[in-house]
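> All I have is the shape, not the residue letters:
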């Protein structure tokens, strides 16, 4: 048996509901502005070898003249590649999170912890509520990590944006990849409900009980506000009330997280076993999206419900710091605190790619084919590299050029690393080039060109 972990609720006890402050992660209310690190400028010092077509025999003077002309062209070509790469790196500031990637294909062997991202989809397609749930069949320990909608996350193929946007701009798997890259853990699957479907789930379970911290109201134009959920301890909520409470953003993202926790815990309290949750899911219809098998989801939820009853679940919100984004408050993760939490509660789900260093690969799309860069992510993860989304090269100048795999040292280790990245992406070793300026954005930078096949 694993060490018993005391359940840490973000929600105050019923006796003190109106007075206790909202807790945020392990360090409540501690926010500081995020700092952006300047991106260095890179220049490559080697050029990709080319094979010249067979030439007829020429006189010595003509051969020398043509050789000088070829050398000038090669220098110009190399300078062009350097200018493009230097410009795109100078313009690109990475939202940098130490050790930030995960994927179920790279999980440690013998892993017994399973993770599931649960989300409620808002009417505009974004995530109105998100939580990472985990259960370990070996240690019998559970995890509930509540994720703020406006935490800035690296969304593969979309750049850095509020985490909630991932659900609107792609499939549910995109949200999993974004969270995986943000906190550095394997996210095995996802379950997404639209709001009517989530309400039916709660009704199928017979409703839930929650300590409601605030009155949930709906504003009506030119009319009085309508109370959807009254404030009070031990409130019995039907499906509509549970949805209204979980997605109510009054007070902001951080204030919403205990409401999400309350509703999820209310659901877990109604799940005695996997069969009961399977039955509750059985008639929900197209408003439910799963990319994990139904039995596996039911087993995880039932296991987590048991963890809650045994007081062996770690419940926490994602540690964040407030940042100002164009006059709007958003959040960046508090990297040291998140790393501590992951090491303590999600260590079994840290992928192999994060158990070694010198393996971060920044990928830029130099061709313009939509979402081309994201096709490299599973290939790099499979080869135990960390994928970093670098976006597009302005003007897409590599449509007529081969890819560039940039390394930053002539050492044997750096050359081997570049060759491994090229091999993982199906690129020739001749695409590997060397930059003579050190940098810290990534260990390898790839600009995809015409020779990359998705």
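Received the coordinates, thanks. Bear in mind the structure is a predicted one, so any value in this text is a computation, not a measurement.
> show me where the protein has helices.
For the chain, the helices defined by DSSP state H occupy 60-91, 165-169, 172-183, 195-204, 239-246, 253-269, 274-281, 294-309, 335-345, 377-382, 412-424.
> so which of those helices comes closest to residue 136?
Comparing the helices of the chain by their distance to residue 136 (CB to CB), the top pick is helix 294-309, with 8.2 Å. Any C-beta I mention is one placed from the backbone N, CA and C, and that applies to glycine too.
> Quickly list what residue 236 is bridged to.
For residue 236, the beta-bridge partners under DSSP bridges are residue 209.
> Now for it: which residues touch it?
For residue 236, the contacting residues are 207, 208, 209, by CB atoms under 8 Å, 6 or more residues apart in numbering.
> List the contacts of the first one.
Put plainly, it is residue 207. 236, 237, 238, 239, 242.
> Equivalent analysis for residue 200, please.
Counting by CB under 8 Å, 6+ apart, residue 200 touches 239, 283, 284, 287.
> By pLDDT, give me the weakest of the residues you listed.
When the contacts of residue 200 are sorted by pLDDT, the bottom entry is residue 283 at 90.
> Among the contacts of residue 236, which one lies nearest to residue 306?
residue 208 (17.5 Å).
> hang on, isn't the closest one packed against residue 234?
No - Residue 208 lies out of contact with residue 234 (CB atoms under 8 Å); the separation is 11.0 Å.
> So between these two, which is more surrounded?
Neighbour count, other CB atoms under 10 Å: between residue 208 and residue 234, residue 208 has more, with 25 against 10.
> From residue 271, how far off is that one?
Distance, residue 208 to residue 271, by CB to CB, to the nearest Å: 11 Å.
> how about low-confidence regions in the stretch 251-400 of the chain?
356 (pLDDT under 70).
> If we use 50, what do you get?
Counting by pLDDT under 50, the stretch 251-400 of the chain shows no low-confidence range.
> just to revisit the earlier point, just so I know, which of the helices of the chain lies nearest residue 326?
So among the helices of the chain, helix 165-169 is nearest, using CB to CB, at 14.4 Å.
> What residues sit buried inside that closest one?
165, 166, 167, 168 (16 or more other CB atoms under 10 Å).
> number of nearby residues for residue 244?
Residues lying near residue 244 (other CB under 10 Å) number 19.
> Kindly apply the preceding question to residue 441 instead.
By other CB under 10 Å, neighbour count at residue 441 equals 19.
> now it: how far from residue 353?
Applying CB to CB to residue 441 and residue 353 gives a distance of 17 Å.
> Kindly report the same for residue 178.
16 Å.
> between those two, which one's more packed in?
residue 178 (29 against 24).
> Show the contacting residues for that one.
153, 154, 155, 156, 163, 166.
> Excluding sequence neighbours, find me the nearest residue to residue 138.
residue 112 (3.6 Å; CB to CB, 6 or more residues apart in numbering).
> try residue 334
residue 319 (4.0 Å).
> Residue 145 too?
residue 132 (4.2 Å).
> which residues does the one you found bridge with?
In beta-bridge terms (that is, DSSP bridges), residue 132 pairs with residue 117, residue 145.
> And residue 434, by the same measure?
Beta-bridge partners, per DSSP bridges, of residue 434: residue 407.
> any idea of the pLDDT on it?
Residue 434 carries a pLDDT value of 91.
> surely it meets residue 404?
No - under the criterion of CB under 8 Å, residue 434 makes no contact with residue 404, lying 10.7 Å away.
> hang on, the earlier thing: and the helices of the chain as CSV, adding distance to residue 222?
Compiled in CSV, the helices of the chain are given as follows (distance: least, CB to CB, whole Å):
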stretch, distance to residue 222
helix 60-91, 48
helix 165-169, 30
helix 172-183, 37
helix 195-204, 25
helix 239-246, 22
helix 253-269, 27
helix 274-281, 40
helix 294-309, 43
helix 335-345, 45
helix 377-382, 50
helix 412-424, 61
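> Go ahead and confirm residue 362 touches residue 421.
No - if you go by CB under 8 Å, residue 362 and residue 421 don't touch, sitting 10.6 Å apart.
> Tell me the residues that contact both of these two, please.
In terms of CB under 8 Å, 6+ apart, residue 362 and residue 421 are both contacted by the residues 444, 446.
> the more surrounded of those two?
Between residue 362 and residue 421, counted using other CB under 10 Å, the more crowded position is residue 421 (27 against 24).
> Report the contact partners of the residue nearest to that one when sequence neighbours are not counted.
Nearest residue to residue 421, sequence neighbours excluded (CB to CB, 6+ apart): residue 444, at 4.9 Å. By CB under 8 Å, 6+ apart, residue 444 lies in contact with 360, 361, 362, 385, 405, 406, 407, 417, 418, 421.
> at 7 Å instead, please
361, 405, 406, 407, 417, 418, 421 (CB atoms under 7 Å, 6 or more residues apart in numbering).
> Could you check how far the second one is from residue 392?
Distance of residue 405 to residue 392, computed by CB to CB: 18 Å.
> what's the answer for the third one, then?
To residue 392, residue 406 is 17 Å away according to CB to CB.
> more neighbours, the two?
Between residue 406 and residue 392, residue 406 has the larger neighbour count (other CB under 10 Å), namely 27 against 19.
> What sits closest to the more buried one if chain neighbours are left out?
Residue 406's closest residue in space is residue 445 (CB to CB, 6+ apart), at 4.3 Å.
> and the one you found, what are its bridge partners?
residue 362, residue 406.
> Go ahead and confirm it touches residue 360.
No - the pair residue 445 / residue 360 is not scored as a contact, 9.5 Å apart, by CB atoms under 7 Å.
> Now do the contacts for the closest residue to residue 216 other than its chain neighbours.
Setting aside the residues directly before and after it, residue 216 is nearest to residue 229 in space (CB to CB, 6+ apart), at 3.9 Å. By CB under 7 Å, 6+ apart, residue 229 lies in contact with 212, 216, 235, 237, 241, 244, 245.
> Mind doing that once more with 6 Å?
212, 216, 241, 244, 245 (CB atoms under 6 Å, 6 or more residues apart in numbering).
> Please render those as JSON lines that adds distance to residue 370 and pLDDT to the earlier fields.
Shown next, in JSON lines, are the contacts of residue 229 (distance: CB to CB, whole Å; pLDDT from 0 to 100):
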{"residue": "212", "distance to residue 370": "44", "pLDDT": "94"}
{"residue": "216", "distance to residue 370": "40", "pLDDT": "92"}
{"residue": "241", "distance to residue 370": "41", "pLDDT": "97"}
{"residue": "244", "distance to residue 370": "37", "pLDDT": "96"}
{"residue": "245", "distance to residue 370": "39", "pLDDT": "97"}
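> top of those residues by neighbour count?
Compared across the contacts of residue 229, residue 245 has the highest neighbour count, 24 neighbours, by other CB under 10 Å.
> Pull up the gap between residue 259 and residue 234, please.
Residue 259 is 15 Å from residue 234, by CB to CB.
> State the number of residues packed around residue 398.
24.
> quick one: it from residue 453, how far?
Taking CB to CB, one finds residue 398 at 14 Å from residue 453.
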